[in-house]
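>>> generate coordinates for the sequence data below:
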Amino acid sequence: PGFSAHFFSPTCMEDFASPGSVGREAKTTKKDPLQYGDIVFIHEVLGQSKRMAGERVKILGRLEKFMPSQNVGRFEYHNRRIIVECNRFRLEDLKLGRLYHIIGDVDTWDKEPVLIGFAATDMEGVDCSLYDRCVMIRRSYITGETKPTD
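Numbers count the residues shown, from 1 in each chain. Reported below is the predicted structural model:
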């Protein structure tokens with residue numbers, strides 16, 4: 001209850017792959033805006049923006065501020081902030097102070113890391129401590145450091 005997704009404009013769909021590609025774990029090209037890529041934290045994007053440039057990622061952040069004239073929002077998680085360009089979905093549908101998952105590509109503007117957002121999903125009510133722990137467990141499992149029964 002209370003979860004909703006806000007996707008890019010349908011007029012852009014002809015430029016991208018079909019939605020049938022959702023659910024694959026492999027990294028994809030920028031032609032598939034529904035593929036979420038790696039789940040990362042904002043501080044990781046900020047600290048590794050050069051290495052991550054062009055990568056598709058999924059971040060969690062609270063909408064702290066938005067600038068409708070520029071169609072960008074500032075998202076915060078654990079006191080780290082990133083600007084998200086929101087031309088592919090309606091920023092005005094999002095609410096200040098709410099927690100969102102953002103899918104997008106890492107880029108830089110004037111040497112500052114930004115995320116070119118494709119989709120936002122309302123995640124208000126998620127236990128952030130549990131979320132952080134699950135991301136770390138998932139990473140351990142993917143790298144083979146943990147077995148499913150651990």
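>>> and for the nearest residue to Met67 once chain neighbours are set aside, the neighbour number?
In space, Met67 comes closest to Gly73 once its chain neighbours are excluded; the distance is 7.4 Å by C-beta to C-beta, 6 or more residues apart in numbering. For the C-beta atoms, the positions are set from N, CA and C on the backbone; glycine is no exception. Counted with other C-beta atoms under 10 Å, the neighbours of Gly73 add up to 25.
>>> give me the residues contacting the helix or strand that contains Gly73.
When secondary structure is defined by DSSP states H and E, Gly73 falls within strand 72-77. Outside strand 72-77, the residues that touch it by C-beta atoms under 8 Å, 6 or more residues apart in numbering are 41-42, 59-67, 81-86, 91, 94, 100, 102, 114, 128.
>>> in ChimeraX, select just the buried ones from the residues you listed.
Applied in ChimeraX, the following selects the buried portion of those according to 16 or more other C-beta atoms under 10 Å:
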select :41,42,59,60,61,62,63,66,82,83,84,85,86,91,94,100,102,114
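>>> hey, what's the nearest residue to Val126 once chain neighbours are set aside bridged with?
Nearest residue to Val126 in three dimensions, chain neighbours excluded: Leu99, at 6.3 Å (C-beta to C-beta, 6+ apart). Beta-bridge pairing of Leu99 under DSSP bridges involves Arg62.
>>> so who does Leu99 touch?
Listed by C-beta under 8 Å, 6+ apart, the contact partners of Leu99 are 60-62, 122-126, 128.
>>> that one and Asp132, how far apart?
13 Å (C-beta to C-beta, to the nearest Å).
>>> likewise Phe75?
Phe75 sits at a distance of 16 Å from Asp132 (criterion: C-beta to C-beta).
>>> who has more neighbours out of these two?
Remark: of Phe75 and Asp132, Phe75 carries more neighbours, 25 against 14, as counted by other C-beta under 10 Å.
>>> Gly47: which of the contacts of Leu99 is nearest?
Nearest to Gly47 among the contacts of Leu99: Gly61, at 15.4 Å, using C-beta to C-beta.
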